[in-house]
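>>> Here you go, sequence then predicted model.
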Amino acid sequence: MLKTIRGYCAWAMTERRLAITDPEVWTIVNGKLYLNCSREAYAKWSRDIPGHIKKADEIWRAMQRAD
């Protein structure tokens, strides 16, 4: 299982933010662990998990290129 986005909140990443996660709020999708910072963030994240994964991955890659 792979941890994604270096352990930051997957929902916050869709908003171009880095947020510390709550270890009790997570989901596994296609063998990858996605963490969220709160149950409220998870509720937003879960409305469109495939779309949010795509958006968060794009933002994460852009942030890595900027470093």
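On my side now, so go ahead.

>>> Report the rounded mean pLDDT for stretch 16-24.
Model confidence over stretch 16-24, given as mean pLDDT, is 95.

>>> Show me which residues of it are buried.
Across stretch 16-24, burial judged by 16 or more other C-beta atoms under 10 Å covers 19, 21. C-beta: built from backbone N, CA, C; applies to glycine.

>>> the longest helix in the chain is where?
If you go by DSSP state H, the chain has its longest helix at helix 49-66.

>>> which parts of that helix are buried?
Buried residues in helix 49-66 (16+ other C-beta under 10 Å): 52-53, 55-56, 59-60.

>>> do the same with stretch 27-38
Neighbour-count burial for stretch 27-38 flags 34-38 (criterion: 16+ other C-beta under 10 Å).

>>> what does that stretch contact?
1-5, 7-12, 19-23, 25-26, 42, 45-46, 49, 53 (C-beta atoms under 8 Å, 6 or more residues apart in numbering).

>>> Can you show me the CA trace of that stretch as PDB?
Extracted in PDB, the C-alpha atoms of stretch 27-38 (Å, rounded to 0.1, in the frame of the first residue of the first chain):
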ATOM      1  CA  THR A  27      -9.500   5.600   2.800                       C
ATOM      2  CA  ILE A  28      -7.700   3.200   0.500                       C
ATOM      3  CA  VAL A  29      -8.300   3.500  -3.200                       C
ATOM      4  CA  ASN A  30      -6.500   1.200  -5.700                       C
ATOM      5  CA  GLY A  31      -4.000   0.200  -3.000                       C
ATOM      6  CA  LYS A  32      -3.100   3.800  -2.100                       C
ATOM      7  CA  LEU A  33      -3.800   5.400   1.300                       C
ATOM      8  CA  TYR A  34      -5.500   8.800   1.200                       C
ATOM      9  CA  LEU A  35      -5.600  10.700   4.500                       C
ATOM     10  CA  ASN A  36      -7.800  13.600   5.500                       C
ATOM     11  CA  CYS A  37      -7.500  16.200   8.100                       C
ATOM     12  CA  SER A  38     -11.000  15.900   9.500                       C
END
